[in-house]
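Chemist: need coordinates for the below:
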Amino acid sequence: MTDEPVTLDDDGFVVEDTGVPSHRSPAPAPGSGPLADRIDQIRRDFPARYSAPIIDQIRVELRSRLITDGTLLDPFCGVGGIHVLRDDGYDTLGVEIEPEFAACDARTTEGDSTRITSIPAMKDHVGRVRAIVTSPAYGNRFSDGYLGSDNEKCRRCNGSGQEPVAVNAVNSATRDCTMCGATGKAKSKRRGYAIALGRRTSPNSGGGMAWGPRYRSMHGEVIQQCDRMLEPGGWWMVNVSSFLNTDGYQPVMEWWLGAIARVARVDGLVAIETRRMKHGQNGDRRVPAEHLIIARSPTTIDVSGDPR
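Modeler: Alright, predicted model coming up:
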């Protein structure tokens, strides 16, 4: 996951600076209905997706460990970036708590990853996943719940939350405004999970949790659940980043490293430079790189519970 701005082409591909899409398989159509009308906007507004350097490094790390097939699971799937790895011969599973984000890719299952082993679509995969490949929210400002100023009205619906839609040449009806997500408020220039949704995040969503005890508790539960999803000797590849704010350095990456080390043996820590947003309140406070944590779950457990 990266906090860099992105551009999508007409097929929903992420276009990098070279103008070349970072993957080739477009997501399946999300279906029809009011939410389907908002899918393209949600994809564009989603604040933190895999960038090309992250996906490329994940590919390198998978292949260097002879992981050339099998099932990859992303428990924080967002708008479905994990599914680009299907082009490399992997089966991919994604779970996402926010229905709007999950609807961006038909291959993603809506659900709460703190109970991932109980999600009906995941039950047949318990103990069979080759690798957890994910990029959780970092607990930074993207997760602050900001929805924009109440004083700014949406230009399309003039603050009503509804926009007209033609039924035929004579009659019209209304629907939830696709620009503001029926909030009636102008879209903020800031990026964030709540802004992308057009509403507050769900109670157990990492996209709504600032770095702190609640963040660590929820993500710790997901780590335990994902550990049960893995096959013996399965792998972890977690893209995460610490960050700087007015209180100083926030050791998000270091916490993830320690949390994963409790269930797996750390096999690598790769620093990856990506474009970082340089505007906003903390625009001058950016760590230089994101990280990819690589770890392997035990193939056996000794009597003390230590991975062997």
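
Chemist: pLDDT of the top strand by length along the chain, averaged?
Modeler: Looking across the chain with DSSP state E, the single longest strand is strand 230-240. For strand 230-240, mean pLDDT rounds to 97.

Chemist: C-alpha coordinates for that strand, PDB please?
Modeler: Extracted C-alpha coordinates of strand 230-240, given in PDB (Å, rounded to 0.1, in the frame of the first residue of the first chain):
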ATOM      1  CA  LEU A 230      -2.000 -20.700   6.300                       C
ATOM      2  CA  GLU A 231      -0.700 -24.200   5.400                       C
ATOM      3  CA  PRO A 232       2.200 -25.500   7.400                       C
ATOM      4  CA  GLY A 233       5.300 -23.600   6.300                       C
ATOM      5  CA  GLY A 234       3.100 -20.900   4.800                       C
ATOM      6  CA  TRP A 235       4.500 -17.400   4.200                       C
ATOM      7  CA  TRP A 236       3.700 -13.800   5.200                       C
ATOM      8  CA  MET A 237       4.400 -10.800   3.000                       C
ATOM      9  CA  VAL A 238       3.200  -7.600   4.600                       C
ATOM     10  CA  ASN A 239       3.700  -4.200   3.200                       C
ATOM     11  CA  VAL A 240       3.600  -1.600   5.900                       C
END
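
Chemist: so what strands line up beside that strand?
Modeler: For strand 230-240, the paired strands and their directions (DSSP bridges) are strand 129-134 (parallel), strand 290-296 (antiparallel).

Chemist: what about residue 266, how many residues nearby?
Modeler: Counted with other CB atoms under 10 Å, residues neighbouring residue 266 total 14. Glycine gets a C-beta too; all of them are placed from N, C-alpha and C.

Chemist: so who does it touch?
Modeler: 257, 260, 293-295 (CB atoms under 8 Å, 6 or more residues apart in numbering).

Chemist: quick one: work out the angle between whichever strand or helix holds it and strand 290-296.
Modeler: If you go by DSSP states H and E, residue 266 is part of strand 265-272. Strand 265-272 runs at 160 degrees relative to strand 290-296, counting by axes from the mean of the first three to the mean of the last three CA atoms, to 10 degrees.

Chemist: just the C-alpha atoms of strand 265-272, please, in CSV.
Modeler: What follows is strand 265-272, C-alpha atoms only, in CSV (Å, rounded to 0.1, in the frame of the first residue of the first chain):
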residue,chain,number,x,y,z
ARG,A,265,10.1,-16.7,11.6
VAL,A,266,11.1,-13.5,10.0
ASP,A,267,13.0,-14.2,6.7
GLY,A,268,13.5,-10.7,5.4
LEU,A,269,12.8,-7.0,5.7
VAL,A,270,12.9,-5.0,2.5
ALA,A,271,12.9,-1.2,2.3
ILE,A,272,11.0,0.0,-0.8
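
Chemist: beta partners for residue 71?
Modeler: Residue 71 forms beta bridges with residue 91, as assigned by DSSP bridges.

Chemist: neighbours of it, how many?
Modeler: Residues near residue 71, counting by other CB under 10 Å, number 17.

Chemist: tell me the helix or strand right after the least confident helix or strand in the chain by mean pLDDT.
Modeler: In the chain, the helix or strand scored least confidently by mean pLDDT, DSSP states H and E is strand 14-15, which has a mean of 38. On the C-terminal side of strand 14-15, the closest following helix or strand by DSSP H and E is helix 39-45.

Chemist: tell me which strands and helices whichever helix or strand comes after that following helix is in contact with?
Modeler: For helix 39-45, the following helix or strand on the C-terminal side (DSSP H and E) is helix 52-64. Other elements packing on helix 52-64 under the criterion 3 or more CB pairs under 8 Å, 6 or more residues apart in numbering; DSSP states H and E are strand 129-134, strand 230-240, strand 265-272, strand 290-296.

Chemist: now do helix 52-64: distance to the chain's middle.
Modeler: 17 Å (CA atoms, centre = their mean, to the nearest Å).

Chemist: try stretch 83-102
Modeler: For stretch 83-102, the gap between its own C-alpha mean and the chain's C-alpha mean amounts to 10 Å (CA atoms, centre = their mean).
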